[in-house]
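*Asks:* what follows is a predicted structure for the sequence shown.
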Amino acid sequence: MLDGRHILPVGVLKDPAHTTHHLLLSSLPQEDIPVSKILAIIAPPEPLIEEQAPQPLRGAPSERKKDDPLLGPKLKLEWAKRHINELKITIREFFESEPYELVHEVDSQTGENVYRLRVHKSVPVELSAILGDAVHNLRAALDQLVCTLIRHNSNFPKGMQGFPIATSGEGYESFVRKRIAGVSTKVERLIFRLKPYRGGNRRLWLLHQLDILDKHDGILPVSAAHAVTLIRYTMPGMFVGPDGTFRLGGGGRPFRTDWGIPDKAQIIMPLTDNVEFYRSPSGLQEEVRANISITFDQSEIVQGSPVVETLDDFAHFIEKLIGVVERKVL
């Protein structure tokens, strides 16, 4: 944080990888920090600057490297990253507008605690356009990479040549060779190792299908989000002092322990107004939070997958691939 504190998620208290440190970690002070504060540090919004002279793309080759053979795919990847960043800012602003409200009720017949989500705003429709631009530029970066490598091998791309992604692993070799005809043997081996077909490389297949979907139907994020219940129980009579030590009988703030996602928690998709997503027995001293994210809505492709994380994964993969080509092939 800006004040010098370091943050660990409460999940480390149950993470098997940190078993030997659970006692120490559980003795540290716990605090609810709004997600907006963390996001403001991790990905602060870019300032809006009007009438500014065009600047070189971040991470793209400079003017002195116009002869870079991978300039085309690098620029496409850079534009994809810009769209992804725009998507992150738009989503953050949407959540900062408090579109969802957690409502606690008591069932008059059973006495149970009932938790509902009120939906005050729908997911912005412009997310679909930004998302489609990001996906298209990511897919185009792969096609331009192959065409660049064909030219680098003293040949010229023809027809529908580009990065091959086949519908299945059966007979995909001939399909791949037609799409990349003219590349060097080293490049051919590299592409075959990527297994660019459905069932071979899920990341490539999903990106290819999303690009096709955007061309015909448009990629729509789920119109409501993905909710998970997190429960924190207050431990009666136990308190945490200002120095972070445990106290009994008072003298600090109540000690609360995070039990994570309860067994009865639901994943609601899509969210509808006033939907019930969790209930618990009466009498519990608990806190319930809804973890909401924007996800894809295409049931046969990536339904339920978080939009931003999926695009970041695509971009990271393509960036690594371009780096391998630059170091090992050119």
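*Replies:* All right, it came through fine.

*Asks:* on the three-state scheme, the closest residue to residue 107 other than its chain neighbours is what?
*Replies:* Nearest in space to residue 107, with sequence neighbours left out and distances taken as Cβ to Cβ, 6 or more residues apart in numbering, is residue 114 at 5.4 Å. To be clear about C-beta, it is placed using only N, CA and C from the backbone, and glycine gets the same treatment. Of the three states, residue 114 takes strand under DSSP: H, G, I helix; E, B strand; the rest coil.

*Asks:* for residue 114, what are its contacts?
*Replies:* Counting by Cβ atoms under 8 Å, 6 or more residues apart in numbering, residue 114 touches 104, 105, 106, 107, 276, 278, 279.

*Asks:* quick one: the strands in the stretch 51-200 of the chain, in order.
*Replies:* Secondary structure of the stretch 51-200 of the chain (DSSP state E, counting those that start in this stretch): strands at 100-106, 113-119.

*Asks:* convert the first one to PDB, retaining C-alpha atoms only.
*Replies:* Once side chains and other backbone atoms are set aside, the C-alpha atoms of strand 100-106 remain, and they are given as PDB (Å, rounded to 0.1, in the frame of the first residue of the first chain):
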ATOM      1  CA  TYR A 100     -24.600  -4.100  -6.900                       C
ATOM      2  CA  GLU A 101     -25.900  -4.000  -3.300                       C
ATOM      3  CA  LEU A 102     -25.800  -6.800  -0.800                       C
ATOM      4  CA  VAL A 103     -29.100  -7.000   1.200                       C
ATOM      5  CA  HIS A 104     -29.500  -9.000   4.400                       C
ATOM      6  CA  GLU A 105     -32.900 -10.300   5.300                       C
ATOM      7  CA  VAL A 106     -34.300 -12.700   7.900                       C
END
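
*Asks:* I would like the residues contacting it, please.
*Replies:* Contacts of strand 100-106 (Cβ under 8 Å, 6+ apart): 112-120, 225, 271, 274, 282, 288-290, 292.

*Asks:* now stretch 132-140
*Replies:* 76-77, 79-80, 83-84, 87, 163, 207-208, 210-211, 214, 218-219, 311, 314-315, 318.

*Asks:* report the buried members of the residues you listed.
*Replies:* Taking 16 or more other Cβ atoms under 10 Å as the criterion, what is buried in the contacts of stretch 132-140 is 76-77, 79-80, 83-84, 87, 163, 207-208, 210-211, 214, 219, 311, 314-315, 318.

*Asks:* in helices only, show me those.
*Replies:* Judged by DSSP state H, the buried ones among the contacts of stretch 132-140 include 76-77, 79-80, 83-84, 87, 207-208, 210-211, 214, 311, 314-315, 318 as members of helices.

*Asks:* can you tell me which of the residues you listed is closest to residue 324?
*Replies:* For those, the residue nearest residue 324 by Cβ to Cβ is residue 318; the value is 10.7 Å.

*Asks:* now for the closest one: which residues touch it?
*Replies:* So residue 318 contacts 73, 77, 80, 138, 141, 142 (Cβ under 8 Å, 6+ apart).
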